[in-house]
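Novice: okay, sequence plus prediction incoming.
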Amino acid sequence: MPRYPPVLLLGSLSFMVKITTLTGQQRLRQLAKAQFGTVLGSADTITPAEPKAQQGHFGDKHQQLAARSGAQGNQSNLSLAQRAERRLQMQRERQQHNLERVIAQALEYCPEHVSAQDVDPDWFAQFCELTLDISNGSMQQLWAKILAGEIASPGKFALKTLHTLKRMSYKEALALQQAANLSCRTRQDPTARIYFGYIRRPSLWRLLTGRSRAVLNLNQFGLTYPQILSLVDIGLLHSSEIESGELPFGQSLCWQYQQLTLNGTVISKNVVLQYYKYTASGAELLPLLTTQVNQPYLDALKQLLRDTVRFNG
C-alpha cells in the first residue's frame, strides 16, 4: 500500500435512487442553466488542469504569484485603483472557472437515474458559493462527487458537511483517505470506526496475567497521531476515544471491512473494545473515497484480539 495514496478521489459512486425519466446529467444541466444561463457541454470539455510548475529560481516563482494576484511589475503604468480593479476581476474570473469546472466534472459521476425530488435551491446556492475558491484538482473532484450524489438523492449531504469540507486542506483529505483504509462497520452500527485496542475489566485473569490493555500503533499502518488530531479538529472524527460496551461471552460479531466480511465469536469475558468513530460529516464523506484493504492492519488487529475474539477463517 502506497504511503501517499494517489487514488484519493478516483472511485465511482453508487446510490440507492428512485428511478425516473430524468438522467443525472439532464438534472445537472438544468441546475447549470439556472445558475449560469447556459447549458454545460460534455465532461470532456473541461479545461485541463494547469501543469505543475518546473523547479526554478525564487524570482521566477515570485513573479508567477505576483501575476496571479494581479500585482505584476509591468503594470506600473496603472493606477493603484486600476490595479485593485484588475485584481478583483481576475479573482472573479478564477472563481467562476473553479465553479464551472466542479459542475462540469459532476457529469462524470452522475448515475443514469435520479430521484424525482429536485435539489434544494438554497443548498445549491451555498454549494456554489463554497466551491468558488476550490482550485486543487483532487478537491474539485470531491466536490463534483458531492453534487452528483445530491442530484441522485437530495438531502444526502448536509450543509454542515459542506462547510466542514470547505475547511479541509488537501493534506487533511489525504489523512481522511488513510483513515478510511482502516475503517470498518458493524451490523449494529453502520457508522464507520477504526479499532485500535481493547481493555480488560478487573478480573482474576487480569490479576494473574497483568495484561489489562493492548493497543495497535496506527502509525505503522499509515495513519499518524497528528493526522488523527487534524481529523478531530475539522470535525470528521469524534474528539475522544470511544469504548464499546462490555462484550458478552459467546456473542457473535459481524464486521464489514472494505470488501471483506469478518465473522467471529467473543471467547473472553470482561473485554471492552476501543475505537475512533466518525462524526456525521465524516460518515457522509467516506463513501466518496476509494478504499482498499490494509492487510497488515487486518492481520495485526486479528493478532491483537486473538485472546478475546475468534475470527472465522
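Specialist: In hand now; what should we look at?
Novice: count the neighbours of the nearest residue to Ile234 once chain neighbours are set aside for me.
Specialist: In this structure, Ile234 finds its nearest non-sequential neighbour in Arg167, 5.3 Å apart by Cβ to Cβ, 6 or more residues apart in numbering. C-betas here are computed from N, CA, C, even on glycine. Here the number of neighbours of Arg167 (other Cβ atoms under 10 Å) works out to 11.
Novice: for Asp233, see how far away Arg167 is.
Specialist: Distance, Arg167 to Asp233, by Cβ to Cβ, to the nearest Å: 9 Å.
Novice: for the helix or strand Gln89 falls within, what is the average pLDDT?
Specialist: Assigned by DSSP states H and E, Gln89 belongs to helix 80-105. For helix 80-105, mean pLDDT rounds to 93.
Novice: and for stretch 144-158?
Specialist: For stretch 144-158, the mean per-residue pLDDT is 95.
Novice: may I see the buried residues of it?
Specialist: Buried residues in stretch 144-158, counted by 16 or more other Cβ atoms under 10 Å: 144-154, 156-157.
Novice: ok, stretch 247-263 next?
Specialist: Of all the residues in stretch 247-263, those buried under the rule 16+ other Cβ under 10 Å are Leu247, Leu253, Trp255, Tyr257, Leu262.
Novice: which outside residues touch that stretch?
Specialist: With Cβ atoms under 8 Å, 6 or more residues apart in numbering as the test, stretch 247-263 has contacts from 181, 183-187, 264-269, 271-273, 291-293, 298, 308-309, 311-313.
Novice: returning to what we had before: with Ser281 as the reference, measure out to the residue nearest to Ile234.
Specialist: Using Cβ to Cβ, Arg167 is found at 10 Å from Ser281.
Novice: let me see the ranges of the strands in this structure.
Specialist: Under the criterion DSSP state E, the chain contains strands at 184-186, 193-200, 213-215, 242-243, 252-257, 260-266, 271-277, 309-311.
Novice: just checking: what are the partner strands of the last one?
Specialist: Think strand 309-311. According to DSSP bridges, the neighbouring strands of strand 309-311, each with its direction, are strand 260-266 (antiparallel).
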